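S.K.: Fold the following and give me the result.
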Amino acid sequence: MTDLPPLPFESPATAADLATMREQLGREMRGVVSIARRCPCGRPAVVRTLPRLPDGTPFPTSLYLTLPSMVLAVSRVEATGEMARLTAELTQDPELAAAYGRAHERYLARRAELGEAEELTGVSAGGMPERVKCLHALVGQALAEGEGVNPVGDRVLTALAPVASIDVCRCEEEAA
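M.R.: Residues are numbered from 1 along each chain as shown. Modelled structure (predicted):
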């Protein structure tokens with residue numbers, strides 16, 4: 001176990017949540033522990049999963065986005081080449097690199113709360129700590145933990161604020 005405070009927005013996952021996430025992602029959810037963040041209408045936005053799925057598969061990404069409006073917005077940022085730019089910035093900005101390293105360590109500690117998968121030792125998600133590989137995982141961590149934990153996730157959320165926000169429900173628009 002770790003000495004981390006509880007995730008500030010975490011709540012149990014219900015059968016209805018699993019059905020909603022199946023609709024959101026187009027597949028069955030495996031290894032779900034909880035909903036780490038919800039949109040204002042209560043639908044899952046970030047899911048928390050076990051480090052080893054029920055079939056034995058190691059699964060490093062224990063926090064990730066499910067809310068379609070946020071997934072789409074983050075995908076659009078990824079398509080711009082922002083990940084390469086941020087990776088380059090990590091090599092040039094020691095403060096950013098140190099904060100990103102702390103986010104990596106926190107991700108590992110948070111996942112360890114749920115168990116271990118030896119194959120994942122030292123491997124977090126999103127390319128941490130040396131590169132930026134998956135903004136969906138980094139934004140998922142930022143949304144689940146709150147501002148100030150993952151500097152890259154926070155930057156992406158700030159950049160998205162004019163067009164996408166976890167605080168603005170777009171679920172009805174998405175369902176239409």
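S.K.: following the top helix by length along the chain, which helix or strand shows up next?
M.R.: Criterion DSSP state H: the longest helix present in the chain is helix 94-112. Elements were assigned by DSSP states H and E; along the chain past helix 94-112, the next helix or strand is helix 135-145.
S.K.: what does that following helix contact?
M.R.: With C-beta atoms under 8 Å, 6 or more residues apart in numbering as the test, helix 135-145 has contacts from 7-10, 36-37, 45-46, 48, 61, 63-65, 70-71, 74-75, 77-78, 82-83, 103, 106-107, 110, 125-126, 128, 132, 149-150, 152-154, 156-157, 166. All C-beta spots, glycine's among them, are computed from the backbone N, C-alpha and C.
S.K.: among these, which are in strands?
M.R.: Using DSSP state E, the subset of those located in strands is 36-37, 45-46, 48, 63-65.
S.K.: Tell me the one of these nearest residue 171?
M.R.: residue 45 (9.8 Å; C-beta to C-beta).
S.K.: hang on, that closest one packs against residue 24?
M.R.: No - counting by C-beta atoms under 8 Å, residue 45 sits too far from residue 24 to count as a contact (9.3 Å).
S.K.: before we move on, the earlier item: buried residues in the longest helix of the chain, which are they?
M.R.: 96-97, 99-100, 103-104, 106-108, 110-111 (16 or more other C-beta atoms under 10 Å).
S.K.: Please report the number of neighbouring residues for the nearest residue to residue 148 once chain neighbours are set aside.
M.R.: In this structure, residue 148 finds its nearest non-sequential neighbour in residue 154, 7.0 Å apart by C-beta to C-beta, 6 or more residues apart in numbering. Using other C-beta atoms under 10 Å, the number of residues around residue 154 comes to 21.
S.K.: Would you mind checking the contacts of helix 135-145 for buried ones?
M.R.: By 16+ other C-beta under 10 Å, these give 7, 9-10, 36-37, 45-46, 48, 61, 63-65, 70-71, 74, 77, 82-83, 103, 106-107, 110, 125-126, 128, 132, 149-150, 152-154, 156-157, 166 as buried.
S.K.: Could you report the separation of residue 30 from residue 144?
M.R.: Counting by C-beta to C-beta, to the nearest Å, the gap from residue 30 to residue 144 is 18 Å.
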